[in-house]
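> Need coordinates for the following:
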Amino acid sequence: MIDKNSFMPLNFFKKTDYYGSLSGLRYRIGKTAVPYTDEERAEREKKGEPVGEDEQKTVLRAIVWEGPFSYGKHDAGTEYHKDFPFAEDGIDMAADWINSEYERDADRWQRVPFWTPGNRG
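Just a heads-up that it's a prediction; the model follows:
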C-alpha cells in the first residue's frame with residue numbers, strides 16, 4: 001500500500017509529476033488544468049466570482065494503468081483517472097484512491113508480469 005507520508009509536498013507537484021507502482025498497478029499523480037463544470041460555474045457566479053468561458057481550474061490528477069510498462073510506454077486507452085483538489089489534502093485523497101483501486105482488484109495487480117529489457121515474455 002502507498003504510504004501517504006512518502007509523497008512529496010504540494011510544491012513538488014507545481015513543477016513535476018510523481019510516478020510509482022504497487023505490484024502491477026502503475027500510477028502517476030500530477031497537476032492538470034480542467035474546465036469548470038456547469039455546477040461549479042453556477043456556484044461561483046452565486047458568490048459573485050464569475051468564471052471566464054475558457055478559464056480552467058488546477059487539480060491533482062491521479063492516473064492508474066496496468067504494468068509492466070511505464071507511463072510513456074503503456075497503452076493510454078487502458079488508463080483511468082480521478083481528479084482531486086490541488087491542495088495538501090488532495091495528495092492524501094489521491095493516495096487513498098490509488099490504494100482503494102489496488103485493494104479492489106489486488107489479485108489482478110499481483111498477476112501482472114514483471115518486465116525488463118532482457119525478459120521478453
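> Run through the strands of the protein in chain order.
Applying DSSP state E to the chain gives strands spanning 18-22, 25-35, 56-66, 80-85.
> Contacts made by the longest helix along the chain with the rest, please.
As assigned by DSSP state H, the longest helix anywhere in the chain is helix 88-104. For helix 88-104, contacts defined as Cβ atoms under 8 Å, 6 or more residues apart in numbering pick out 1-2, 4, 7, 9-10, 13, 22-23, 25, 27, 29, 59-60, 62, 64, 82, 84-85, 109. Yep, even glycine has a C-beta here, placed from its N, CA and C like the rest.
> Mind doing that once more with 6 Å?
1-2, 4, 7, 10, 22, 25, 27, 29, 60, 62, 64, 82, 84, 109 (Cβ atoms under 6 Å, 6 or more residues apart in numbering).
> Which among those count as buried?
2, 7, 22, 25, 27, 29, 60, 62, 64, 82, 84, 109 (16 or more other Cβ atoms under 10 Å).
> okay, these in TSV with distance to residue 92 and pLDDT next?
Formatted as TSV, these follow (distance: Cβ to Cβ, whole Å; pLDDT from 0 to 100):
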residue	distance to residue 92	pLDDT
2	10	86
7	8	81
22	16	87
25	18	89
27	15	93
29	11	95
60	10	97
62	11	96
64	17	93
82	13	98
84	9	97
109	21	81
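> Sketch out the low-pLDDT regions of the protein for me.
Low-confidence segments of the chain, defined by pLDDT under 70: 68-76, 115-121.
> Next, the contact list for the residue nearest the centre of it, please.
Among the residues of the chain, residue 62 comes closest to the average C-alpha position under Cα atoms, centre = their mean, at 0.7 Å. If a contact means Cβ under 6 Å, 6+ apart, then residue 62 has 29, 82, 94, 97, 98 as its contacts.
> partners of the closest residue to the third one other than its chain neighbours in the sheet?
This points to residue 94. Closest residue in space to residue 94, ignoring its immediate chain neighbours: residue 62 at 4.1 Å, by Cβ to Cβ, 6 or more residues apart in numbering. Bridge pairing for residue 62 (DSSP bridges) gives the partners residue 29, residue 82.
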